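Asker: The following comprises the amino acid sequence and a computationally predicted model.
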Amino acid sequence: MIEHNKNKTYIMQRTEIKDALRCTSFGQPINVRGWVRSRRGNKNVSFIALNDGSTIKNIQIVVDLAQFSEELLKPVTTGACISATGTLVESQGAGQSVEIQLTELEVYGSADPEKYPLQKKGLSMEFLRTVAHLRPRTNTFGAVFRIRHHMAMAIHTYFHEHGYFYFHTPLITASDCEGAGQMFQVTTKNLYNLRKTEDGQIDYSDDFFGKMAALTVSGQLEGELGALALGKIYTFGPTFRAENSNTPRHLAEFWMIEPEVAFIQKDELMDLEEDFIKFCVRWALEHCMDDLEFLNQYVDKGLIERLRSVIDTDFVRLPYTEGINILQEAIRNGHKFEFPCQWGDDLASEHERFLVEEHFRKPVIMTDYPKDIKAFYMKINDDQKTVQGTDVLFPQIGEIIGGSVREENEAKLNDEIERRHIPMKDMWWYLDTRRFGSAPHAGFGLGFERLMLFVTGMQNIRDVIPFPRTPKNAEF
């Protein structure tokens, strides 16, 4: 339905609202299209706040009610999608520099105000997760998902500019080195009639891949193969963990960034971790300020200050043993932790955040962890008790990066595999890299959603990915 106050209908090219708000061609016709955030007014004039997702800001459409019928304007309610053509003018009101005096209106799609769930009122994050198909239309989630795009661009830009190759690792794998208990199996078998072997195990010989297969928990091992041929690579893709964790920090499906680099040592790896994450935070400050200012005002009032503090400070480099000593001293001085922190314990988020937020008040790269709490592929130090791990700990988050120097010596790697009783029958290809031209190498993994939590100030990881996958939840 189209109505206008002239005899001729003009078909105009759409202008995105982010561009319209910067436009100074006053008196010229303009067309914008988007979703109605609100409509208010009196018996003479109506004001429509319109947003098209290109920016956190709305543009105001001024409607002279004498020029438009009540029947046309009736469906223009919150959530409706419209095309508005009019004259761009300087705004007389506060809060915006331009507005549009409406001359032509088309309603693409209405939204029944009795049923549309995103009415202009306070909506909880818990409720919005139940309408994840609509929540990107809210200011908060529009901001979060625009920032998510920019963070993805920052990641690709950083590695491209530093000479890395984007390496695509498989999402379906037969490697069981991480433990099948936390992997989602992939099968074409009839689950109601599973054929078993003589010893009672599932017979996968007639399955699609002829063996047990699962969704990947990490692209690191395949990424190492790429680094040992191309020099330096990075992966950036979805990973999956069947971990029954209902916490604000865990997802069953999440995205990982995993660079692997040949010929670097521990100090160079820490330099890479710090430089990379500062680049991403700086990118957000340079490209997403409108959205960050909104989130700083309504979600986390310390957000922008915290982001700036990260890029303006050197990260602390802290051996695990020294960190344990600091935590135990805090306990002696009366600090209460929920979990113990003796040497050999895997630090909990509360321990990591204490070091970052209360003791040092800056990001920390913790190194040289006990070998028994870290993965089999990490290089063991000369003391035979610790490994060259390099985890980055951030305020609000705890661990945001997990990295290490990888063990390049075949004999040492095999010793650790045997000590831990890790099944490696399907991992011959990984061990081959230690047999044929092995080289020193290192890398790290960064959970993209953990980075998003830090950059946006959001409190729950389910709110920084469009459609979260968690235990008992695979909606949308």
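Answerer: That came through fine. Residues are numbered from 1 along each chain as shown.

Asker: Could you list the low-pLDDT ranges of the chain?
Answerer: 1-11, 176-181 (pLDDT under 70).

Asker: What ranges does it have for its helices?
Answerer: Counting by DSSP state H, one finds helices in the chain at the ranges 17-20, 70-73, 125-130, 139-161, 220-230, 266-287, 289-298, 303-311, 320-332, 349-353, 410-420, 428-435, 448-456.

Asker: Just give the closest residue to residue 371, not the sequence neighbours.
Answerer: Distance criterion C-beta to C-beta, 6 or more residues apart in numbering; nearest residue to residue 371, sequence neighbours excluded, is residue 387 at 4.7 Å. The way it works is simple: take the backbone N, C-alpha and C, and place the C-beta from them, glycine included.

Asker: Would you mind naming the residues that bridge with that neighbour?
Answerer: residue 369, residue 380 (DSSP bridges).

Asker: now residue 256
Answerer: Beta bridges link residue 256 to residue 237, residue 447 when assigned by DSSP bridges.

Asker: State the number of residues packed around it.
Answerer: By other C-beta atoms under 10 Å, 22 other residues sit near residue 256.

Asker: And for residue 461?
Answerer: Using other C-beta under 10 Å: residue 461 sits among 21 other residues.

Asker: Residue 54 now?
Answerer: Residue 54 has 17 neighbouring residues, counting by other C-beta under 10 Å.

Asker: Looks like it contacts residue 16 (just checking).
Answerer: Yes. Using C-beta atoms under 8 Å, residue 54 is in contact with residue 16, at 4.3 Å.

Asker: circling back: would you reformat the helices of the chain as JSON lines and include distance to residue 404 and mean neighbour count?
Answerer: Listed next are the helices of the chain as JSON lines, based on distance: least, C-beta to C-beta, whole Å; neighbours: other C-beta atoms under 10 Å:
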{"stretch": "helix 17-20", "distance to residue 404": "42", "mean neighbour count": "18"}
{"stretch": "helix 70-73", "distance to residue 404": "62", "mean neighbour count": "13"}
{"stretch": "helix 125-130", "distance to residue 404": "35", "mean neighbour count": "14"}
{"stretch": "helix 139-161", "distance to residue 404": "19", "mean neighbour count": "18"}
{"stretch": "helix 220-230", "distance to residue 404": "10", "mean neighbour count": "21"}
{"stretch": "helix 266-287", "distance to residue 404": "8", "mean neighbour count": "18"}
{"stretch": "helix 289-298", "distance to residue 404": "32", "mean neighbour count": "17"}
{"stretch": "helix 303-311", "distance to residue 404": "22", "mean neighbour count": "17"}
{"stretch": "helix 320-332", "distance to residue 404": "12", "mean neighbour count": "16"}
{"stretch": "helix 349-353", "distance to residue 404": "17", "mean neighbour count": "19"}
{"stretch": "helix 410-420", "distance to residue 404": "13", "mean neighbour count": "14"}
{"stretch": "helix 428-435", "distance to residue 404": "15", "mean neighbour count": "14"}
{"stretch": "helix 448-456", "distance to residue 404": "17", "mean neighbour count": "24"}
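
Asker: just so I know, which of those helices lies nearest residue 171?
Answerer: For residue 171, the closest of the helices of the chain is helix 220-230, at 10.7 Å, according to C-beta to C-beta.

Asker: Show me the contact partners of the closest one.
Answerer: 165, 167, 169-170, 175, 177, 233-235, 258-262, 377, 406, 427, 429-430, 433, 437-439, 441, 443, 445 (C-beta atoms under 8 Å, 6 or more residues apart in numbering).

Asker: For it, list the C-alpha coordinates in PDB.
Answerer: Written as PDB, here are the backbone C-alpha positions of helix 220-230 (Å, rounded to 0.1, in the frame of the first residue of the first chain):
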ATOM      1  CA  GLN A 220      44.500 -26.800  16.600                       C
ATOM      2  CA  LEU A 221      45.900 -30.200  15.700                       C
ATOM      3  CA  GLU A 222      45.100 -29.800  12.000                       C
ATOM      4  CA  GLY A 223      46.300 -26.200  12.300                       C
ATOM      5  CA  GLU A 224      49.700 -27.400  13.400                       C
ATOM      6  CA  LEU A 225      49.900 -29.400  10.100                       C
ATOM      7  CA  GLY A 226      49.300 -26.200   8.200                       C
ATOM      8  CA  ALA A 227      51.900 -24.200  10.200                       C
ATOM      9  CA  LEU A 228      54.500 -26.900   9.500                       C
ATOM     10  CA  ALA A 229      54.100 -26.300   5.800                       C
ATOM     11  CA  LEU A 230      53.000 -22.700   5.300                       C
END
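
Asker: The chain should start at 58 in everything you say after this.
Answerer: Right, with 58 as the first residue, what we last looked at is helix 277-287.

Asker: That one relative to helix 485-492, how many degrees between them?
Answerer: Orientation of helix 277-287 against helix 485-492 (axes from the mean of the first three to the mean of the last three C-alpha atoms, to 10 degrees) gives an angle of 40 degrees.

Asker: Burial check on the residue nearest to residue 428, number of neighbours?
Answerer: Residues lying near residue 444 (other C-beta under 10 Å) number 25.
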